[in-house]
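Trainee: below are the sequence and a predicted model; questions follow.
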There are 2 protein chains.
Amino acid sequence: MKRDSRLSGVLHVLLHMAQQPGPFTSETLARAMETNPVVIRRIMAGLRDLGYVRSEKGHGGGWTLACDLSKVTLRDVYAALGSPSLLAMGNRTEAPGCLVEQAVNAALNQAFADAEALLLARLGEVTLKMLSEDLRKRLGSRKIHGIGAHRA
Amino acid sequence: MKRDSRLSGVLHVLLHMAQQPGPFTSETLARAMETNPVVIRRIMAGLRDLGYVRSEKGHGGGWTLACDLSKVTLRDVYAALGSPSLLAMGNRTEAPGCLVEQAVNAALNQAFADAEALLLARLGEVTLKMLSEDLRKRLGSRKIHGIGAHRA
DNA sequence: GTTTCATGTAACTTTATATGTTACGTGATG
DNA sequence: CATCACGTAACATATAAAGTTACATGAAAC
């Protein structure tokens, strides 16, 4: 299965934005992520609707952070994407009449639910602020570089 | 993303086989699972290679259980499928030069690894025998039915 | 007010992967 | 040797993410 990298992508964008004042155009962000501006707008749409970022049209427009980074967790960001399914595996049939299938589903669903719950909990423990601070540590003594200096 | 249901499928097959003596042709199993015989052979190939089941050609041939059901866990079955990825989400880039990407990956990988580990652990706790016994409970007082009586 | 810029969004293409299907080879049974 | 059943390659289909094109909307610059 093709793995969904939207969460990874949107976090990348948000972290870039946290490094310097905005606004950033979709075009600029897309170049930094080596993707298309439309893709940026797509993954940012949910965040905008929830008020985590703001977007402005016209000259000098673009995307701006509009939230307290210490209040927004990775789980919130995940939810803003529409909470896509976390697991790559699922039941063959969701509401089977076959008792064999029911037995299989019962066993798998328990394991699946546990794993999903743990993953969501972990994502809920990490705020954007924590991520941003981790990034600054990685940047180390290096001069805080702008998006222009982004390394492919 | 399309969710992988091979684990669910192969467990379904194994449970059916545990309900009555074999051998079962791919054709028979496929009818019970509403799929194609080739699909059955495909998902059974790994199990055969690991010795969990045996396959015989020619007249009277087919698939037979060849393991101690109390010794094989759902995790073993999962491994027999080739350990396909468990999570539907992943990193945008696996070994990024970009520090922002590295920071994002570090945070996500931790959460992902925890969830995967828990899922594997849970699968490792359930044996085929436990599944089979759960199934018999579900069948209740009902006469143990054969595959022929399988309900669509 | 017209031009330019930037987002918003629909529609289409591409890509990846699971699943389904056809065809044919191999070996075992009768 | 004819039939049965697996083994496997090759091809077809389905679904979802990602990429692309096109155009509408609204804001700023001139």
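Mentor: Perfect, thanks for sending it.

Trainee: for DNA strand D, what's its nearest residue on chain A.
Mentor: Closest contact between chain A and DNA strand D, by Cβ to the nearest atom of the strand, is at A:Gly58 (2.9 Å). Every C-beta, even on glycine, is put in place using the N, C-alpha and C of the backbone.

Trainee: so that residue: helix, strand or coil?
Mentor: Per DSSP: H, G, I helix; E, B strand; the rest coil, the secondary structure class of A:Gly58 is coil.

Trainee: what about it, distance to DNA strand C?
Mentor: Distance, A:Gly58 to DNA strand C, using Cβ to the nearest atom of the strand, to the nearest Å: 4 Å.

Trainee: please apply the same query to A:Val13.
Mentor: Using Cβ to the nearest atom of the strand, one gets 11 Å for the distance from A:Val13 to DNA strand C.

Trainee: right, and that residue touches A:Leu47 too?
Mentor: No. Counting by Cβ atoms under 8 Å, no contact exists between A:Val13 and A:Leu47, whose distance comes to 9.0 Å.

Trainee: you'd agree A:Gly61 is up against A:Gly22?
Mentor: No. Here A:Gly61 does not reach A:Gly22: they are 10.0 Å apart, not a contact under Cβ under 8 Å.

Trainee: ok, those two, which is more surrounded?
Mentor: Under the neighbour definition other Cβ atoms under 10 Å in any protein chain shown, A:Gly61 and A:Gly22 were set side by side, and A:Gly22 has more, 17 against 13.

Trainee: how about that one, phi and psi?
Mentor: phi -90, psi -160 (degrees, to the nearest 10).

Trainee: how close does it get to A:Thr64?
Mentor: Remark: distance between A:Gly22 and A:Thr64 (Cβ to Cβ, to the nearest Å) = 4 Å.

Trainee: now the strands for chain A?
Mentor: With DSSP state E applied, chain A shows strands at A:53-56, A:62-65, listed in chain order.

Trainee: quick one: residues contacting A:Leu86.
Mentor: If you count contacts by Cβ atoms under 8 Å, 6 or more residues apart in numbering or on different chains, A:Leu86 has them with A:115-116, A:119-120, B:87-89, B:115.

Trainee: what's the answer for A:Phe24, then?
Mentor: A:Phe24 makes contact with A:16-17, A:62-64, A:147, according to Cβ under 8 Å, 6+ apart.

Trainee: and the helices in chain A?
Mentor: Counting by DSSP state H, chain A has helices at residues A:6-19, A:26-33, A:37-49, A:74-80, A:99-125, A:128-139.

Trainee: burial measure for the closest residue to A:Glu94 other than its chain neighbours, as a count.
Mentor: Closest residue to A:Glu94 in three dimensions, ignoring its sequence neighbours and counting by Cβ to Cβ, 6 or more residues apart in numbering or on different chains: A:Asn105, at 7.9 Å. The criterion is other Cβ under 10 Å. On that basis, A:Asn105 has 22 neighbouring residues.

Trainee: how about the one 3 residues further on?
Mentor: Residues contacting A:Leu108 under the criterion other Cβ under 10 Å number 25.

Trainee: what's the answer for A:Leu119, then?
Mentor: Other residues close to A:Leu119 by other Cβ under 10 Å number 24.

Trainee: what residues are up against it?
Mentor: A:86, B:87, B:111-112, B:114-115.

Trainee: which of the residues you listed sit farthest apart?
Mentor: Across these, the two members that end up farthest from each other (Cβ to Cβ) are A:Leu86 and B:Asp114, 12.4 Å apart.

Trainee: for A:Gly58, the count of nearby residues, please.
Mentor: A count of neighbours around A:Gly58, defined by other Cβ under 10 Å, yields 6.

Trainee: let me fix that, I meant to ask about A:Leu118.
Mentor: The number of residues packed around A:Leu118, counting by other Cβ under 10 Å, is 17.

Trainee: below-threshold pLDDT in chain A: ranges please.
Mentor: Filtered on pLDDT under 70, chain A yields the residue ranges A:1, A:141-152.

Trainee: how about the residues of it by DNA strand D?
Mentor: Within reach of DNA strand D by Cβ under 7 Å from any atom of the strand, chain A has these residues: A:2-6, A:9, A:34-36, A:38-39, A:56-61, A:84.

Trainee: run through those and flag the ones next to chain B.
Mentor: When those are filtered against chain B using Cβ under 8 Å from any Cβ of the partner chain, the residues retained are A:2-6, A:9, A:84.

Trainee: which two of these have the greatest separation?
Mentor: So for those, where distance means Cβ to Cβ, the most widely separated pair is A:Lys2 and A:Gly9, at 13.8 Å.

Trainee: settle it for me: which of the two has more neighbours?
Mentor: Neighbours were counted for A:Lys2 and for A:Gly9 using other Cβ under 10 Å; A:Gly9 has more, 24 against 9.
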